[in-house]
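Enquirer: Fold the following.
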Amino acid sequence: MSSTSDKVVLLLGNPNVGKSSLYNALTGGSARVANYPGLTVERKSGQLLPELSSDLKVSIVDTPGTYSVSARSAEEQIAIRALLGLRGEPTPDALIVVLDAGQLSRCLYLTLELLELRIKTVLAINMIDEVDGLDLEALEKSLGVPCVGTNATTGQGVPELAERLRAELRAERPPLPKLHVPYGPEIIRALDRVSDALPEAWLGASASVERKRALAQFALGSIDAEDELEDVPDELRARVAEVRADSEDLDLAIVSARYQAIDEVLAQISSPQATRRARASERVDRFLLHPLLGTLTFIIVMTTVFQALFVGADPAISALESLVGWLQELTEELLPEGIVRDFLSQGIIGGVGNVIVFLPQICLLFLFMGILEDSGYMARIAYLADRIMRSLGLHGRAFVPMLSGFACAVPAILSTRTLERRRDRLLTMMVVPLMTCSARLPVYSLIIAALFPVTAFGLPVQGLLLLAMYLFALFTALLAAFVLSRTVLHGPSVPLLLELPAYRMPKVKPLLQVVKRKAGQFLQEAGGTILVATVVLWALLSFPRVSEDACTASSDAVLFVDSHTFDQPLTNESKSAAEGTAAAEAANGTAAAEAANGTAAAEAANGTAAAEAPEGLCPAPITQSYGGRISKALEPALAPLGFDWKIGTGILGAFAAREVFVSTLALVYGIEGDDEEAEGPLRDKLRAERHADGSPVYTPLMGLSLMVFFALACQCVSTLAVIRRETGGFKYPLFVFGYMTALAYGASFLVYQGGRALGF
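Expert: Residues are numbered from 1 along each chain as shown. Below you'll find the model as predicted:
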């Protein structure tokens, strides 16, 4: 037990009963909450708020959800280790067991197991406002432990819960439970045989018969030859195997005895109103879970959401684009021409600002996703997808990590801990990075807004295209899972056991908290990784710097090469420089061109073959910068995909973070253009970009090829780092990077070349 000055209280309960919401209410924390199971995969701890406990220092520990003390998955074992004090962890002073008021039958199973451990316990009957007529006094009388009705979202019942908890912590010993499960003689004998082999470290201060039998049930349900539990003595493993061999139906007999006791409790506290609500939920499910009608509903809902991302966010995006442009103009007016002005205007404001303009879409995306999650609809989508996922080799519960991947692959990979088998965890990790994370949204939004109309033939083109990219990523992930499950990670699939949560009206405050947190993370990344990457890329695209006369001559040379005409007003010296550069490029390639460029520029400046050192410096043409040379070298490899060197520069920058692609293009067009050309939104610049013959550089086909590349490429260092941490080596992250890069190149090649062959 912990000291009297520092009490440890565990929050335990089934998945999706509101433990994290209650944890936030008790501690003032900000644990993520949603209306689908499997969200919490790590334990979190925080101090009970002073206003709820002024006389005791209480540490509240939020644990992953579990349906039983017979832990099977990795996250369930986290909860059970904390409960039993395994691996040197202190045993808790008390428990807060959270139950869903509308699902008492299911929740009471775990509750009975925990009461048998003889630990001080308080029951929080959460979401009490959704059930009318529930007799909490009768429930408390039947179980013999305090029962408090709560609504963690609104704070209802939280002060009373804290008060009852403090009273339990002050008590000398836990009260004896009044409800006794009718175990038969055969079950008792089997449990006693296992309890005789329990290690002393598991028994704790209380070695009552009931606690020993409860621990024996945990051993019977959790320990086998393939489990990942540590600190299990060989004697206990052998005894468990022996008892199982002698009693084949032992597990079924224990479950039947528990539910017999649960039925007796429910008979005293049943709620007719809750039953009517359950029937209404069943009627809605018959429609939403229908294979055809449910799928059509899903398509309509998601199309509406994605179209709203463009239509709803466009005014705010336009306002931010105007603000970025105004800041650039102000910087250029206040500062003298030079490297400092270019750095601030083009590198910082232009680069990072053109990523931040997509913040409204990021906020709307998480708002809509939060509404779908909190309403209970996301779990229905998982049910619809289960049959397909199992046929492709994925565990049904892999849907939760894959769903989380639509926000960010890093927490999605962490949530694979909810899967019991290592094979299932590895397979899910291999395909989660293919899900369309929020970092891809700025890239998609830029390309779609620049190259595709809002509507056509009465259809929401932009929304449908964005939905198509999300579905394409999902389809590719499922296809990759199918191939990997039959090659690298061969093994049988496991059916989905999924709880469908009750339909609920989303609460405004939690939704806004989620949006605020995600917006903060996006801005934090914009001020961190994206800022650093943008500064580095600006330097690569701005250096080396040459004399101003050389700049003029070199710029005219580029103009000559691009247009092959002298219709522009060039000086005789510049014309000579341009012809020299063009001839050198034609005869000897890039290296000779650079030499000719330098010689011609010197002649233009001084009229001699040897140029004097100039006083002022300006950026060289962007193609002659360090970054431009690298991108030019890669251009032949990217040309079959429809990409030029500018897109190549953006792709290189995107390997630091996908959003850097947008800031890199903003840098390229800001550095390359003059002051007037540098003004205006980036999407307008892409739309206006033309080849020498007047044809657009950025076509819908090229845009589609680019989006396919970004959908499949693994351009996230953080994702690879968390895969390495979860798998314990570099083998799997290198494999993910390799296969996704090859897949991205191949698919983009097929899209672009296939489109050209069809005449697009």
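
Enquirer: Make sure Thr741 is actually in contact with Cys714.
Expert: Yes: contact criterion CB atoms under 8 Å: Thr741 and Cys714 qualify, at 6.4 Å. Any C-beta I mention is one placed from the backbone N, CA and C, and that applies to glycine too.

Enquirer: For stretch 321-332, buried residues please.
Expert: Residues of stretch 321-332 classed as buried by neighbour count (16 or more other CB atoms under 10 Å): 321, 324-325, 327-328, 331-332.

Enquirer: Output the contacting helices and strands for the one helix or strand Leu652 maps to.
Expert: Leu652 is part of helix 645-654, with elements assigned from DSSP states H and E. Other elements packing on helix 645-654 under the criterion 3 or more CB pairs under 8 Å, 6 or more residues apart in numbering; DSSP states H and E are helix 529-542, helix 626-638, helix 660-672, helix 700-712.

Enquirer: The third one: how far from the chain's middle?
Expert: The chain centroid and the centroid of helix 660-672 are separated by 27 Å, computed with CA atoms, centre = their mean, to the nearest Å.

Enquirer: tell me which residues in that helix are buried?
Expert: Taking 16+ other CB under 10 Å as the criterion, helix 660-672 shows 660-672 as buried.

Enquirer: Also the first one?
Expert: Applying a neighbour-count criterion of 16+ other CB under 10 Å, one finds 529-531, 533-535, 537-538, 540-542 buried in helix 529-542.

Enquirer: Between those residues, which sits nearest Leu434?
Expert: Thr529 (21.2 Å; CB to CB).

Enquirer: Show the contacting residues for Phe343.
Expert: Phe343 sits next to 535, 538, 542 when contact means CB atoms under 8 Å, 6 or more residues apart in numbering.

Enquirer: Show the low-confidence segments of the stretch 101-250 of the chain, by residue range.
Expert: Applying pLDDT under 70 to the stretch 101-250 of the chain picks out residues 174-178, 201, 204-207, 224-231.

Enquirer: Same list, the contacts of Phe343, but as TSV with pLDDT please.
Expert: Output for the contacts of Phe343, formatted as TSV (pLDDT from 0 to 100):
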residue	pLDDT
Val535	83
Trp538	82
Ser542	80
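
Enquirer: what's next to stretch 736-751, contact-wise?
Expert: The contact list for stretch 736-751 (CB under 8 Å, 6+ apart) reads 429-430, 433-434, 476, 480, 640-642, 701, 704-706, 708-714, 719-720, 723.

Enquirer: what's the answer for stretch 530-545, then?
Expert: By CB under 8 Å, 6+ apart, the residues outside stretch 530-545 that reach it are 339, 342-343, 346-348, 351-352, 355, 617-620, 622, 624-628, 630, 649, 653, 656-657, 659-660, 663-664, 667-668, 671.

Enquirer: Give the closest residue to the residue minimising distance to the centre of the chain in space, chain neighbours not counted.
Expert: Nearest residue to the geometric centre of the chain (CA atoms, centre = their mean): Cys408, 2.2 Å. Closest residue to Cys408 apart from its sequence neighbours, by CB to CB, 6 or more residues apart in numbering: Cys437 at 5.3 Å.

Enquirer: And for Leu466?
Expert: Nearest one to Leu466, counting by CB to CB, 6+ apart, is Phe306 at 4.2 Å.

Enquirer: Next one: the one you found relative to Gly149, how far apart?
Expert: Applying CB to CB, to the nearest Å, the value for Phe306 to Gly149 is 40 Å.
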